[in-house]
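Asker: Return a 3D structure for these sequence lines:
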Amino acid sequence: MKFAAVIVLAALFACALAAPAPDVEILKSVSDVLPDKWSWDVATSDGTAVQGVGEAKSLGKDEDSIVVHGSYEWVDEKTGQHFKVTYVADENGFQPEGEHLPRV
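Answerer: Next up is the predicted model:
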């Protein structure tokens, strides 16, 4: 009996998560993919935007890496506050910056 209750609760939770999102339109969707370089630029009507450029990079003998420069931004639906993160992701890891993020 407990197993059936867990299944019912899991099903209800899945239904809640599958509820349709508010109508959001894609305003911009551009991408360019080449063998050693790629870019993307996406914006939606709810204030979300994602941009980036990536490229393959040679670090020396038989050692390659990928370098990505980009940003993403959104508007908090509860407070209306705008957030933006710019970043570099390379052989040194993911390095985000944003006014709302702590500086080290």
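
Asker: Glu77 sits in which helix or strand?
Answerer: Remark: Glu77 resides in no helix or strand, with elements defined by DSSP states H and E.

Asker: Grab the nearest non-local neighbour of it.
Answerer: The shortest distance from Glu77 to any residue other than its chain neighbours is 7.7 Å, reached at Asp46 (C-beta to C-beta, 6 or more residues apart in numbering). C-beta here means a position set from N, CA and C on the backbone, and glycine is covered the same way.

Asker: Am I right that that neighbour is in contact with Gly80?
Answerer: No - using C-beta atoms under 8 Å, Asp46 makes no contact with Gly80, being 11.4 Å away.

Asker: which of these two has more neighbours?
Answerer: Asp46 (15 against 8; other C-beta atoms under 10 Å).

Asker: circling back: is it correct that the residue nearest to Glu77 falls within a strand?
Answerer: No - assessed with DSSP: H, G, I helix; E, B strand; the rest coil, Asp46 is coil; it does not lie in a strand.

Asker: what pLDDT does it get?
Answerer: We have a pLDDT of 92 for Asp46.

Asker: Can you tell me how far it is from Trp74?
Answerer: 8 Å (C-beta to C-beta, to the nearest Å).

Asker: This structure: strands as residue ranges?
Answerer: 26-33, 37-44, 49-60, 63-75, 82-90, 93-97 (DSSP state E).

Asker: any chance of those strands in a markdown table, plus distance to Val104 and mean neighbour count?
Answerer: Shown next, in a markdown table, are those (distance: least, C-beta to C-beta, whole Å; neighbours: other C-beta atoms under 10 Å):
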| stretch | distance to Val104 | mean neighbour count |
| --- | --- | --- |
| strand 26-33 | 32 | 10 |
| strand 37-44 | 28 | 15 |
| strand 49-60 | 23 | 14 |
| strand 63-75 | 19 | 14 |
| strand 82-90 | 14 | 15 |
| strand 93-97 | 10 | 10 |
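
Asker: thought Gly70 was touching Val53?
Answerer: Yes - between Gly70 and Val53 a contact is recorded at 6.8 Å, counting by C-beta under 8 Å.

Asker: Can you give me every residue that contacts the residue nearest to Glu77?
Answerer: 22, 24, 74-75, 77 (C-beta atoms under 8 Å, 6 or more residues apart in numbering).
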